[in-house]
Each structure stands twice: as C-alpha cells, then as structure tokens.
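Asker: return a 3D structure for these sequence lines:
(chains A, B, C and D)
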Protein chains: 2
Amino acid sequence: MAPAPDRRDRGASAPAPPEAVFAPVRSYTAFEETVDRLGTAIKLGLLAPGARLPAERELCTRMGIARSTLRQALTALSQSGHVFAVRGRTGGTFVADPQPPADPPSAEVLARWRETCDQRLAVELAVAMLAAERAVPANLDALDGVAGALEGALEDFAAYRQADIRLHVGLAEATRSPRLVRAATEVQGAMSDLIAYIAHPPQVLASSNLQHRRLLAAVRERDGMRAVRAMAEHLQGTEHVLAGLLPGG
Amino acid sequence: MAPAPDRRDRGASAPAPPEAVFAPVRSYTAFEETVDRLGTAIKLGLLAPGARLPAERELCTRMGIARSTLRQALTALSQSGHVFAVRGRTGGTFVADPQPPADPPSAEVLARWRETCDQRLAVELAVAMLAAERAVPANLDALDGVAGALEGALEDFAAYRQADIRLHVGLAEATRSPRLVRAATEVQGAMSDLIAYIAHPPQVLASSNLQHRRLLAAVRERDGMRAVRAMAEHLQGTEHVLAGLLPGG
DNA sequence: ATCGAAGGACGGAAGATCAAACCTTTTCAA
DNA sequence: TTGAAAAGGTTTGATCTTCCGTCCTTCGAT
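Answerer: Below is the predicted model of the structure:
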C-alpha cells in the first residue's frame, strides 16, 4: 500500500496538532447514560414527583437499549430513592415523592466549574439565537407563563430554580433542535450541582428575572442578537457569583 | 422503601417531559470514537500528511484505552489509506500522503445538515465570545498569520478550506477550553462532509475573509458581543448557501 | 374467576475491552 | 560487529457489557 516510507524532513513548518486530538476517550456505557438521562430529568423536575415513566417494555424500545439494561438503570435509580416500582396491572415505575436530598457537589465537580460554565455559554447562546428565529406563538405563550411563575417565586429558591430550569429548557424546545434540548438539560443538570449550595437572595433573583423578561422580549421580536446579548448578560451573573466563591476565579 | 403507592391524580397540571428525555441513547464504542477522533484530525489536516503519530504504547495511555483497541482503530485507518505503519526502531505510524479521496456525503449526512449547522452555531458563538475574553497576544498573532494565508488562497479551495479550519480551531484553542477545542474540530469535520462538494467562487471566499477580519478585530479589542455578531454573520453565509442547495431549506 | 399488563428474575450468546505477555523488524551505539 | 532499544505485530485469556428470549409474579379490570 504505502509505496515507500516517505519520512521527509518537514522541519518546524508543520503546526503542532491540538493536544485535544489525543485526549482521553471516555466511553459511556448504555447503563451509565441511562441512569444519567433519567436521573437528571428527575433531579431537574422535568419528570415531576409522582409521574409515571413509560412501561419498561416500551421505554427500552424508545431508548434503543435492551430491557435488562434499562432495568439495571431503574434498579440503580430505585436504590438511590429517585423512583419506585409498583407491580401489578396498573403498576409501573414512578418518580418518588419526596425526592432524596441531593448530595453535595464533589470536589471534582467544583474544580470543573469554569468548563461547565463554558459549556452552558455554548448551549444557551445558540438557544437564544435560534429560539428568536424559530419560536412559534405557542412557545412564547408557554414561556411567558413560566416567566410569571418565576416572578412569584422570589422567596422560595427551590421553586424558583424549578421554574428557571423550565424556562431554559422551554427555550431550547422552541429551537426545534433535539440535540440542543438534550444539551440544555445536560447543562442545567451540571449547573444544578454547582448552584444548589449557593445563597440566592431575592434581589439577585429579581435581577435575574429582569434579564429573563428582556430575553423573552427579544425572542418575541425575533431579534436574535439582542436575545444573545440578554442571555450573555444573564449567564454572566451566575458566573460572577461562582467566581467569587470557588477557586480558580 | 416507598411507603405506599401514592398515585395521586395530578390532572393535567404536570407539564409533559421533553421527549428528548426518552430519546435513543447511542453509546459509541472506544474503537469508534478513536477512529473518528484520529480520522477527523487527519481529514481536517490537523495531523498533516507525513506527520508521525505518537508511538502506540504512548498513545494508548494518553487516550486511556488498551493498546489492542487503539490498534484496531489504527488498522481501520490504515486500511482506508489514511495512515501507514513503519516497523523498526525509527518506525511509527504516519499520516499518508497523499490522502485518499474523501467519499461523497451520505444521504443521511445531508438530511441532518440543519442540525449540523445548529451545532456549529453553538460551538462557534461561544468560541467567539470566549476567545474575545481570553485570547493572549500569541493567539492573536497566530490567527493573523492564518488570516493572511486565507487571503492568499482565494483561488484554491482546498488550501482555503485548510486555512479556514485552522482559523476556527485556532480560535477555539484561544479559549483555553479543551472541550470547546474538541467540539470545534468535531463540528469542522461534520461541516467538511457538507461543503466538500459545493462550489465556492472566489467572491464568496473574499466576502468570508472580510468577515474573518472583522471577527479577529473584535477579538483583538476584547469586544465579545461584536465578535459574536461577526461570527453569526459569517455562519449565516454558509447556511444560506446550504439552504439553497439542500432539501429542507 | 380470569385475563392482561405490568414489574421481576434467569441464563446463555455475542461482542468489546483490557491486560500481559511474546515476536519481528530496524536502527543506533558501544 | 554485535547487542540493546524502540518501534509495530501477534496471541491468548479474562472480564465486562449488552442483548435476547423465556418464564415467573403480582394485581386491577372485566
């Protein structure tokens, strides 16, 4: 095949390849991915307490995995107290209520906080721009509803965070890009790990709400760049708070 | 654990979970990821023809996989003509020269073109903003050099594309975010599949270059939002071209 | 009382990955 | 000249993950 080992001297002309090319390749197993997917959706409240998951035989088909693999994941989630199973004809797997307390962020998670914020920036800027291009009235109405809920939850951080997640994921849904929706939920999950233990005085939440409103207004007027700017300012808020509290700021 | 099957009637109050939660979980194998990683780097020219890869025993450690797995990947790349191996003390695995011709984009790839562009938008907007925040003079100088190369390649699309890739990946490197670098190379690989077969008259390339210059100027002045705007306009160019040529526009 | 839909459990087959050897080729240096 | 070193090439077996199919158990609806 290779005619001759042509090892010509290329001197220093060839630029070094990004070291990212040879970075570790971490391959998630289907089991891990499934636990993460469902676990994140539950922790974010996208699957509400009491909600019933699709039947195992249906769900494993939808997720493209074997039923035994799905059961491994469900068993893990059940042992961690996030879901419970009920046998019998009208049985099923249900999201537990109340949810088990979230465990504190690991040192490793805290060390990666800036990377997490970078990832969030990537997802959310694109969401802002594409939502402005593609949102339909139904999306906008739903989002306004969520924004209303946000403004009524200044004193209850859990409720606030819940609505905040719904707003951001809802915006992602408005882009009609499944990958962005997935990325948005992933990022919200990662952010939840970071901000769960941070104090959020009502003033901060109020200012966040102002940014939400500006963001939605820009989306409604199909002004992508303004939506991006509003989103960028919104994200910077959290980032500054984190930079003040965590190492490497 | 679960005290009683509390299946209370929650009526229609609970919003439906995004269907993305139950979407198929595709788990890549380490072998596939490795072939893709190295293959993309080669096709993008990040690993130049004639360049030597790290020795197998070192590379498998760096990538966190077994040597046998790495060899499977290298064997695949060798059979497709992208690399060749030389035995002996000064041997190694080298990027082939010339590279095998790229195969035409599959119907499946073409069908996903909009998703690919969305992904690119996510990566590149974040890259633009973060590069403006974090680029150091060394980055800027290197990028200016690449921009110069771009302007000298208006008549040779292969050379142009090569420099274009280097510019975008170089910007990503300026963000100091390994994940963004990786995402940027991935996206460039996906884009290459799309645009390889599209005619690019010199006028289009010249207008692209103008946008590159504006982008770099904004980065140099640390004006994140202006960089984002320039990048957005730059991306829109390709997107309009694709929309005119491909279905679903 | 029975049927059906749900979760629960088991066993084997296939494939991917890892780990640890050992072989062969080639060059460099003693 | 000769041996050590460094590289790719090969083999083998163990382990883990996943899949598929089958069967069991539970329990509400009919």
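Asker: which residues touch stretch A:179-195?
Answerer: A:40-41, A:43-44, A:46, A:102, A:105, A:109-110, A:113, A:116, A:119-120, A:123-124, A:126-127, A:130, A:161, A:165, A:168-169, A:171-173, A:175, A:238, A:242, B:18, B:20-21, B:23, B:115, B:118-119, B:122 (CB atoms under 8 Å, 6 or more residues apart in numbering or on different chains). All C-beta atoms are positioned from the backbone trio N, CA, C, and that covers glycine.
Asker: hey, which helix or strand in chain A has the poorest pLDDT?
Answerer: helix A:107-111 (a mean of 91; mean pLDDT, DSSP states H and E).
Asker: buried residues in it, which are they?
Answerer: A:Leu110 (16 or more other CB atoms under 10 Å in any protein chain shown).
Asker: SS state for the residue in chain A that DNA strand C sits nearest to?
Answerer: Using CB to the nearest atom of the strand, A:Arg89 is the residue of chain A that sits closest to DNA strand C, at 3.0 Å. What DSSP: H, G, I helix; E, B strand; the rest coil gives for A:Arg89 is coil.
Asker: how near is it to A:Leu70?
Answerer: 20 Å (CB to CB, to the nearest Å).
Asker: the two: who's more crowded?
Answerer: Neighbours around A:Arg89 and A:Leu70, counted as other CB atoms under 10 Å in any protein chain shown, are more numerous at A:Leu70. The numbers are 24 against 5.
Asker: quick check: what element follows the particular helix or strand that has A:Ser78 in it along the chain?
Answerer: A:Ser78 is located in helix A:67-79, with elements delineated by DSSP states H and E. Where DSSP H and E defines the elements, the next helix or strand beyond helix A:67-79 is strand A:83-86.
Asker: which helices and strands does the next helix or strand after that following strand pack with?
Answerer: Per DSSP H and E, the first helix or strand lying C-terminal to strand A:83-86 is strand A:92-95. Helices and strands touching strand A:92-95, by 3 or more CB pairs under 8 Å, 6 or more residues apart in numbering or on different chains; DSSP states H and E, are strand A:83-86.
Asker: buried residues in the strand it packs on, which are they?
Answerer: So, applying 16+ other CB under 10 Å, buried residues of strand A:83-86: A:Val83, A:Phe84, A:Ala85.
Asker: gap between the first one and chain B?
Answerer: I take that to be A:Val83. 9 Å (CB to the nearest CB, to the nearest Å).
Asker: so A:Ala142 is in contact with A:Gly170, correct?
Answerer: Yes: counting by CB atoms under 8 Å, A:Gly170 is a contact partner of A:Ala142 at 6.0 Å.
Asker: overlap in contacts of the two?
Answerer: The contact sets of A:Ala142 and A:Gly170 do not overlap (CB under 8 Å, 6+ apart).
Asker: and those two? which has more neighbours close in?
Answerer: Between A:Ala142 and A:Gly170, A:Gly170 has the larger neighbour count (other CB under 10 Å), namely 24 against 17.
Asker: returning to what we had before: any residues touching the least confident helix or strand of chain A, and which ones?
Answerer: Applying CB under 8 Å, 6+ apart, the external contacts of helix A:107-111 come out as A:Thr116, A:Ala190, A:Asp193, A:Leu194, A:Leu246, A:Pro247, A:Gly248.
Asker: could you pick out the residues of chain A near DNA strand C for me?
Answerer: Within chain A, the residues that sit near DNA strand C (CB under 7 Å from any atom of the strand) are A:27, A:53, A:55-58, A:67-68, A:71, A:74, A:85-89, A:91-93.
Asker: now A:Leu74: closest residue in space, sequence neighbours ignored.
Answerer: Leaving aside its sequence neighbours, A:Leu74 sits nearest to A:Thr93 (CB to CB, 6 or more residues apart in numbering or on different chains; 5.8 Å).
Asker: OK, contacts around the one you found?
Answerer: Residues near A:Thr93 by CB under 8 Å, 6+ apart: A:Arg52, A:Leu53, A:Glu56, A:Leu74, A:Ser78, A:Val83, A:Phe84, A:Ala85, A:Val86.
Asker: any idea how far the third one lies from DNA strand D?
Answerer: A:Glu56 sits 10 Å away from DNA strand D, taking CB to the nearest atom of the strand, to the nearest Å as the criterion.
Asker: A:Gly92: how many residues sit nearby?
Answerer: Using other CB under 10 Å, A:Gly92 is surrounded by 19 other residues.
Asker: what ranges in chain A fall below the confidence cut-off?
Answerer: A:1-14, A:249 (pLDDT under 70).
Asker: swap the cut-off to 90 and go again
Answerer: By pLDDT under 90, the low-scoring segments of chain A are A:1-18, A:26-27, A:102-104, A:195-201, A:241, A:244-249.
Asker: let me see the ranges of the helices in it.
Answerer: Using DSSP state H, the helices of chain A run over residues A:30-43, A:56-63, A:67-79, A:107-111, A:113-134, A:137-151, A:157-174, A:178-195, A:202-220, A:224-245.
Asker: distance to B:Asp156 for these - can I get that in JSON lines?
Answerer: Listed next are the helices of chain A as JSON lines, based on distance: least, CB to CB, whole Å:
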{"stretch": "helix A:30-43", "distance to B:Asp156": "43"}
{"stretch": "helix A:56-63", "distance to B:Asp156": "47"}
{"stretch": "helix A:67-79", "distance to B:Asp156": "50"}
{"stretch": "helix A:107-111", "distance to B:Asp156": "45"}
{"stretch": "helix A:113-134", "distance to B:Asp156": "32"}
{"stretch": "helix A:137-151", "distance to B:Asp156": "45"}
{"stretch": "helix A:157-174", "distance to B:Asp156": "40"}
{"stretch": "helix A:178-195", "distance to B:Asp156": "34"}
{"stretch": "helix A:202-220", "distance to B:Asp156": "41"}
{"stretch": "helix A:224-245", "distance to B:Asp156": "34"}
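Asker: so who does A:Pro202 touch?
Answerer: Contacts of A:Pro202 by CB under 8 Å, 6+ apart are A:Leu154, A:Glu155.
Asker: correction: the previous question concerned A:Ser68.
Answerer: If you count contacts by CB under 8 Å, 6+ apart, A:Ser68 has none.
Asker: any idea how far it is from chain B?
Answerer: For A:Ser68, the distance to chain B (CB to the nearest CB) stands at 14 Å.
Asker: go on, A:Asp118?
Answerer: Going from A:Asp118 to chain B by CB to the nearest CB gives 5 Å.
Asker: burial count for the nearest residue to that residue once chain neighbours are set aside?
Answerer: Excluding the flanking residues, the one nearest A:Asp118 by CB to CB, 6+ apart is B:Ser177, at 4.7 Å. By other CB under 10 Å, the residues close to B:Ser177 number 25.
Asker: so B:Ser177 sits right up against B:Leu130, yeah?
Answerer: Yes: under the criterion of CB under 8 Å, B:Ser177 makes contact with B:Leu130 at 6.6 Å.
Asker: which residues do the two both contact?
Answerer: Among the neighbours of B:Ser177, those also in contact with B:Leu130 (CB under 8 Å, 6+ apart) are A:Asp118.
Asker: before we move on, back to that, so which of the contacts of helix A:107-111 is the closest to A:Met63?
Answerer: Using CB to CB, A:Ala190 comes nearest to A:Met63 of the contacts of helix A:107-111, at 21.2 Å.
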